[in-house]
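J.: With the sequence up front, the predicted model follows.
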Amino acid sequence: MGHNAADQRSPLAIWGALIIVYVVWGSTYLGIGIMVESIPPMLGGAMRFLVAATLLGGFVLVRSGRQAFRMTRREFLGAAGVGILLLTSGNGMLAVAEQYISTGLAALLVASVPLWLVVFRFAVRDRPRALTLAGVLVGLGGVAALSLTGVDGAGTVGIVVVLLASFSWAVGSFLSSRIAMPANPLATSTVEMLAGGLGLVLLGGGLGERLDPSAITGRSWLALGYLIVMGSLVGFTAFSWLLGNAPISLVSTYAYVNPAVAVLLGALVLSEPVTLRIVVGGVIILIGVALVISTERKGSQIPQRAGEGVHRGVDVRRGVRRGHEPQPPRDHVDSPVE
């Protein structure tokens, strides 16, 4: 694709895809909350990712043939390991947490993932900018405000679990650009969803989850179908298209729009209370995330010459290192997730 391809795309198409990412990925928290009303969280996630992997893998085979899945053993294990961190551990724990806390609160805490990525960078002696560190401190202050005030016993369990999920997502995102991964991003996502789904089957079964179809409500079935089709396929496709056709500074706004959408939908559909603590803590987190993303994006660009677009540095949203092409976020980010 030429360097002016993004400029030649219709603004209407770009904003249409961006709105899909905003709404669809923001709504996945609501979808998970409704799914776990009558479907065990781990096994529900397993069904979601195994079906989505089958559909995505079939699409890749039809479009690109078997060569798309040519990968070394090391690349396969890398993608599978990242899938376990992002989907088995990250998404699985999110679904468990939503049994105890509101979908909006869960989304706001998951928004801390870019902050953890900066912490990991600091740990490997890749010093971020001062404004980036300031954003991390602000954002983590918001996390503390949501986590340490006015929470009952069950809520505390949910908050701890969702913070562990966020940490697992951040580890998976950080490692994904530092280990061997398959060349085709769609094939990568297929392997990740297969590994993540199989991991959820084993984990859910090991923890005693049992699937009773007669106990599952139509509402939960619809939520599961929505997560498979919209969350794991449509949202991912729209985001992947945006990566090649829109400025990354615009695309990255999903990181702080999705939580706001999740809080709004939780209040409208599930009548979740939007307390002053949630508003204040959420705003603080999103300010910190916005500061981190905007500062890192400015710092990753060098002057262009003769229409040449070159980027350097680290992308804190996906853990991209110098010399690595950005990869679409793995479910997640469906929060990315996807």
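T.: Sure thing, it's come through.
J.: switch to C-alpha atoms for all contacts and neighbour counts from now on
T.: Fine.
J.: my guess is V289 contacts L117, does it?
T.: No. Assessed by C-alpha atoms under 8 Å, V289 is found out of contact with L117, at 11.0 Å.
J.: Looking at those two, which is more packed in?
T.: Higher neighbour count among V289 and L117: V289, with 28 against 24, using other C-alpha atoms under 10 Å.
J.: if I pick the more buried one, what's in contact with it?
T.: Neighbouring residues of V289 by C-alpha atoms under 8 Å, 6 or more residues apart in numbering: A111, S112, P114, L115, G135, V136, G139, A255, Y256.
J.: Could you find the closest non-adjacent residue to S220?
T.: Using C-alpha to C-alpha, 6 or more residues apart in numbering and skipping the chain neighbours, the partner closest in space to S220 is M35 (4.3 Å).
J.: Now do the same contact list for the one you found.
T.: M35 sits next to P41, G44, R219, S220, W221, A223, L224 when contact means C-alpha under 8 Å, 6+ apart.
J.: Select, from the residues you listed, the two members most distant in space.
T.: Spanning the widest gap among the contacts of M35 are P41 and R219, at 14.8 Å by C-alpha to C-alpha.
J.: Among those two, which residue is more densely surrounded?
T.: The residue with more neighbours, out of P41 and R219, is P41; 25 against 14, by other C-alpha under 10 Å.
J.: picking that back up, among the contacts of V289, which one sits closest to A145?
T.: A145 has its nearest neighbour among those in G139, at 9.8 Å by C-alpha to C-alpha.
J.: ok, residues contacting the helix or strand where the closest one lies?
T.: Using DSSP states H and E, G139 falls within helix 130-147. Contacts of helix 130-147 with the rest of the structure, by C-alpha under 8 Å, 6+ apart, involve 105, 109, 112, 115, 118-119, 156, 159, 277-278, 280-293, 295-296.
J.: which among those end up buried?
T.: Buried by 16 or more other C-alpha atoms under 10 Å: 105, 109, 112, 115, 118-119, 156, 159, 278, 281-293, 295-296, out of the contacts of helix 130-147.
J.: ok, M230 - contacts?
T.: V24.
J.: For it, give its distance to G26.
T.: Taking C-alpha to C-alpha, to the nearest Å as the measure, M230 falls 11 Å from G26.
J.: Same question for E296.
T.: 23 Å.
J.: A290 too?
T.: Distance of A290 to G26, computed by C-alpha to C-alpha: 17 Å.
J.: Only the buried residues of the helix or strand that R219 is a member of, if you could.
T.: If you go by DSSP H and E, R219 is part of helix 218-226. Across helix 218-226, burial judged by 16+ other C-alpha under 10 Å covers S220, W221, A223, L224, G225, Y226.
J.: before we move on, back to that, quick one: mark the members of the contacts of helix 130-147 that sit in strands.
T.: Applying DSSP state E to the contacts of helix 130-147, no entry is found in strands.
J.: Just the pLDDT for the nearest residue to P41 once chain neighbours are set aside.
T.: Leaving aside its sequence neighbours, P41 sits nearest to A95 (C-alpha to C-alpha, 6+ apart; 5.3 Å). Listed pLDDT for A95 reads 96.
J.: try the one 5 residues further on
T.: Per-residue confidence for Y100 comes out at a pLDDT of 93.
J.: Now for it, how many residues are close by?
T.: Neighbours of Y100 (other C-alpha under 10 Å): 18.
J.: Let's verify it: helix, strand, or coil?
T.: Judged by DSSP: H, G, I helix; E, B strand; the rest coil, the three-state class of Y100 is coil.
J.: and it, what is it in contact with?
T.: So Y100 contacts A154, G155, V157, G158 (C-alpha under 8 Å, 6+ apart).
J.: Now it, what are its backbone angles?
T.: Main-chain dihedrals, Y100, degrees, to the nearest 10: phi -120, psi -30.
J.: ok, the residue nearest to it when sequence neighbours are not counted to S64 distance?
T.: Nearest non-adjacent residue to Y100, counting by C-alpha to C-alpha, 6+ apart: G158, 5.0 Å away. Applying C-alpha to C-alpha, the value for G158 to S64 is 42 Å.
J.: likewise G104?
T.: G104 is 39 Å from S64, by C-alpha to C-alpha.
J.: between the two, who's got more neighbours?
T.: Between G104 and S64, counted using other C-alpha under 10 Å, the more crowded position is G104 (30 against 12).
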